[in-house]
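1. Coordinates for the following, if possible.
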Amino acid sequence: MEGSLAVPRLPPHDPGTPALSVVDMHTGGEPLRIVLAGCPEVVGPTLLAKRRYLRQHLDHVRRRLVWEPRGHRDMYGAVLVPSELPDAHLGVLFLHNEGYSSMCGHAVLALGRFALDFGLVPAPPLGAREARVNIHCPCGLVAAFVACEGGRSRGPVRFHSVPAFVLAADLMVDVPGHGKVVVDIAYGGAFYALVSAEKLGLDVCSAKTRVLVDAASAVTQAVKAQFKIHHPDSEDLAFLYGTILTDGKDAYTEDPTTNLCVFADEQVDRSPTGSGVTARIALQYHKGLLGLNQTRAFKSSATGSVFTGSAVRVSDTFSSGLQMCYLGG
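-> The predicted structure follows:
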């Protein structure tokens, strides 16, 4: 990583208790707590190895960052680490209430601005309207593009994600309390089960959050029990992250389509969910409901915040893959 982080002088504290210095940001209402200093060295030759090391040896750092009393049930965290990729400006490990994610779009949007404003990337030339920040996520290299003016961030952030694809379409799953339900499994840097809330007898726009969380969790557990997740590159990425309940409006329209993402240990994303939006776009393209470079808007039922996104090209990485990007709302 280039640049350095200026850490303010800490107030008196027990020297036997390590102090973590953080910056809190949010994207569309979804929090991100970025560690500036205080995290022990995360060891490993690759980013995925570092992710395993953090989980096995430093999980107390995650718990301190995201759990009560310093965090809350829906807190999200990011630990910056060196990347083995020569093109990466920084590597990042994502933290949530249950463990460690492979991708986080809302965090990438926030980290783009963070990296530019904290000097982790070279300042763009005067007159440049965007600065590129290459972020190595556990799922792969993601390029964030930060609108800027005079070398500082001054507007929205967009990113090109890793190739996204559909793992299973129209999969029949027996969901306790709901019977047999047709769901789709798609990957946008993380795997999600996607299902119209209407198939569960719910309205994602008006049902109480607790009811939606219970339904989404039932789908997640049913898919985990009945379907084997596989990723073509790495078994470290082969896990179901959560379930996204949608309004069922997958066919293209200029109006936003609404969804709610429930991931990890019933954690609710307040944003439309960056990797989830990528997965939804992959699914819509796969089903012929969205064309290349055709932009859709996605709205969070939790906060009303909006992301937009499009499939920009067919990838040659996977036969079913797409190279995805979207804009922060």
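
2. ok but residue 65 is inside a helix, no?
-> Yes - under DSSP: H, G, I helix; E, B strand; the rest coil, residue 65 sits within a helix.

3. Give me the nearest residue to it, chain neighbours excluded.
-> Leaving aside its chain neighbours, residue 65 sits nearest to residue 77 (4.5 Å; criterion: C-beta to C-beta, 6 or more residues apart in numbering). All C-beta spots, glycine's among them, are computed from the backbone N, C-alpha and C.

4. Where is the longest helix in the protein?
-> Assignment by DSSP state H gives helix 209-226 as the longest helix of the chain.

5. So which residues make contact with that one?
-> Helix 209-226 is contacted by residues 171, 173-178, 181, 183, 185, 193, 195, 197, 200, 202, 204, 240, 242-245, 260, 262, 266, 268, 301-302 when judged by C-beta atoms under 8 Å, 6 or more residues apart in numbering.

6. Please check these and keep the buried ones.
-> Buried residues within these, defined by neighbour count using 16 or more other C-beta atoms under 10 Å: 171, 173, 175, 178, 181, 183, 185, 193, 195, 197, 200, 202, 204, 240, 242-245, 260, 262, 266, 268, 301-302.

7. Please enumerate the helices of the protein.
-> Counting by DSSP H, the helices of the chain are 47-57, 59-66, 105-117, 209-226, 274-286.

8. Narrow the buried ones among the contacts of helix 209-226 to those in strands?
-> 171, 173, 175, 181, 183, 185, 193, 195, 240, 242-245, 260, 262, 268 (DSSP state E).

9. Which pair in those residues has the greatest spatial separation?
-> By the measure C-beta to C-beta, 171 and 268 form the most distant pair in these, at 23.7 Å.

10. Could you find the closest non-adjacent residue to residue 67?
-> residue 97 (7.1 Å).

11. Local confidence estimate at the one you found?
-> If you check residue 97, the pLDDT there is 97.

12. Relative to residue 255, how far out is it?
-> The gap separating residue 97 from residue 255 is 32 Å, by C-beta to C-beta, to the nearest Å.

13. ok, the two, which is more surrounded?
-> Applying other C-beta atoms under 10 Å to residue 97 and residue 255 shows that residue 97 carries more neighbours, namely 20 against 9.

14. residues contacting that one?
-> The contact partners of residue 97, by C-beta under 8 Å, 6+ apart, come to 66-67, 73-75, 264-265, 267.

15. switch to 7 Å and redo it
-> Residue 97 is in contact with 66, 73, 264-265, 267, counting by C-beta atoms under 7 Å, 6 or more residues apart in numbering.

16. Okay, domains of the protein per the record?
-> For the chain, the TED database gives the domain ranges 21-160, 163-328.

17. weakest of those domains in terms of mean pLDDT?
-> Lowest mean pLDDT within the domains of the chain: domain 163-328, a mean of 92.
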